[in-house]
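Participant: Sequence first, predicted coordinates after that:
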Amino acid sequence: MLPKMTFRDPRLLRRLLRAKDRMDAASHEHWTVRRLAAVSGVSQAHFARSFKAAFGIPPHRYLLSRRIERAKTLLRDTDLPVTEIAFRTGWSSLGTFGRVFHHIVEESPTNFRARERNSPNGLLKVPHCFVIAAYRPNLTIAVSEKRRRNDDGMLAAMTDGADHD
């Protein structure tokens, strides 16, 4: 009988990293839990639970973060139209891309591009992998903050009151 695999099991971690690497290499592709589980060689439910336990976020959120990272790079470094960037980074709808981008980055893709191009870039000498890691969106915090705002509804009132005291 094989021992039960947990996220601390190096064999399972290698399998999860295989799926994560595939998402990194082709974040523009359609990655379902079924497809990722097949890459990892585990059941769908086990894959979803283990991925979140190992990396701290569900696979879908990880994929969204990779797509947004890539979109930010293309917006900053190319003159491609926003629509083309949306489709190249795996979005099938410009509206969904814009909504998710705005939710995570807190500004529209067009405003992000303008701001990035108008600001001096002191990061040219920093290795690209460090820049990407520093700018990786933290979707766990973004989602938690949105839930807190929806549950509380008083965030704006609290911050406005603090400014006037």
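Facilitator: Looks like it came in fine.
Participant: buried stuff in stretch 32-48?
Facilitator: If you call a residue buried by 16 or more other CB atoms under 10 Å, then stretch 32-48 has these buried ones: 33, 36, 37, 39, 40, 42, 47, 48. (Glycine included, C-beta is placed from N, CA and C.)
Participant: How about stretch 106-120?
Facilitator: Buried residues in stretch 106-120, counting neighbours by 16+ other CB under 10 Å, are found at 109, 112, 113.
Participant: Contact partners for the last one?
Facilitator: Counting by CB atoms under 8 Å, 6 or more residues apart in numbering, residue 113 makes contact with 75, 76, 82.
Participant: Quick one, which of these are buried?
Facilitator: By 16+ other CB under 10 Å, these give 75, 82 as buried.
Participant: quick one: residue 90 from residue 74, how far?
Facilitator: 12 Å (CB to CB, to the nearest Å).
Participant: so residue 22 is in which element?
Facilitator: Applying DSSP states H and E as the criterion places residue 22 in helix 10-25.
Participant: okay, which residue is most central for this protein?
Facilitator: Centroid-nearest residue in the chain: residue 65, 1.0 Å away (criterion: CA atoms, centre = their mean).
Participant: Which pLDDT value belongs to that one?
Facilitator: Residue 65 is assigned 90 on the pLDDT scale.
Participant: got the CA coordinates for the helix or strand containing it in CSV?
Facilitator: Assigned by DSSP H and E, residue 65 belongs to helix 59-77. What follows is helix 59-77, C-alpha atoms only, in CSV (Å, rounded to 0.1, in the frame of the first residue of the first chain):
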residue,chain,number,x,y,z
PRO,A,59,-4.7,27.3,-9.2
HIS,A,60,-7.2,29.6,-10.9
ARG,A,61,-6.0,32.7,-8.9
TYR,A,62,-2.4,31.8,-9.7
LEU,A,63,-3.2,31.6,-13.4
LEU,A,64,-4.9,35.0,-13.2
SER,A,65,-1.9,36.5,-11.5
ARG,A,66,0.4,35.2,-14.2
ARG,A,67,-1.9,36.6,-16.9
ILE,A,68,-2.0,40.0,-15.3
GLU,A,69,1.8,40.1,-14.8
ARG,A,70,2.2,39.3,-18.5
ALA,A,71,-0.4,41.9,-19.5
LYS,A,72,1.3,44.6,-17.4
THR,A,73,4.6,43.8,-19.1
LEU,A,74,3.1,44.0,-22.5
LEU,A,75,1.3,47.3,-21.7
ARG,A,76,4.5,48.8,-20.3
ASP,A,77,6.9,47.5,-23.0
